[in-house]
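1. Sequence first, predicted coordinates after that:
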Amino acid sequence: MSDDRLIAVEVAYALPERQWVIALQVPEGATLYDAAVRSRIVEKVPGLDLDNASLGVFGKIEKNPRERVLREGERVEIYRPLLVDPKDARRERAAKAREARSGGA
């Protein structure tokens with residue numbers, strides 16, 4: 001990382017009842033993970049494990065957050081694990097819809 005030039009970024013994390021968006025400056029060449037650590041968000045959110053959390057930029061999960069270099073103005077998002085697998089949820093909704101159609105006919 002080069003400490004010569006700083007870039008402005010944000011780090012965001014959301015729970016159902018509360019959201020955090022932390023604006024900070026990081027050295028040019030900083031990664032998503034670097035920004036998340038520098039934001040000190042783990043001090044505000046007990047139990048948040050950056051080493052195992054998915055990180056992304058503007059809604060897109062990054063496979064290698066420790067390697068993905070940030071650009072000026074980007075927002076690092078820390079994602080919570082899914083509560084339900086999307087495929088399972090879709091199957092369940094489809095089964096309920098079939099049941100409703102056959103029961104109402």
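-> Thanks, I have the structure now.

2. how about Arg101, phi and psi?
-> Main-chain torsions, Arg101, degrees, to the nearest 10: phi -70, psi -40.

3. Same check on Ala94?
-> Geometry field for Ala94 lists phi and psi as phi -60, psi -40, criterion degrees, to the nearest 10.

4. Next: Arg98.
-> Dihedral angles for Arg98 - degrees, to the nearest 10 - are phi -60, psi -40.

5. Could you count how many residues lie near it?
-> Around Arg98 sit 10 other residues, with neighbours defined as other Cβ atoms under 10 Å. Every residue, glycine included, has its C-beta placed from N, CA and C.

6. now it: how far from Val21?
-> Between Arg98 and Val21 the computed distance is 42 Å (Cβ to Cβ, to the nearest Å).

7. now swap in Arg90 and tell me
-> Counting by Cβ to Cβ - Arg90 and Val21 are separated by 31 Å.

8. and what of Glu62?
-> Taken as Cβ to Cβ, the spacing of Glu62 relative to Val21 amounts to 18 Å.

9. what about those two, which has more around it?
-> Relative neighbour count places Glu62 above the other of Glu62 and Val21, with 17 against 13, counting by other Cβ under 10 Å.

10. Read off the pLDDT value for the more buried one.
-> Reported pLDDT at Glu62 in the predicted model: 96.

11. How about it, nearest residue that isn't a chain neighbour?
-> On the basis of Cβ to Cβ, 6 or more residues apart in numbering, the spatially nearest residue to Glu62 that is not a chain neighbour turns out to be Arg68, at 4.6 Å.

12. repeat for Gly73
-> Counting by Cβ to Cβ, 6+ apart, Gly73 lies nearest to Ala8, which is 6.4 Å off, once chain neighbours are set aside.

13. pretty sure that neighbour is in contact with Ala23, am I right?
-> Yes - under the criterion of Cβ atoms under 8 Å, Ala8 makes contact with Ala23 at 6.8 Å.

14. Done for today, thanks.
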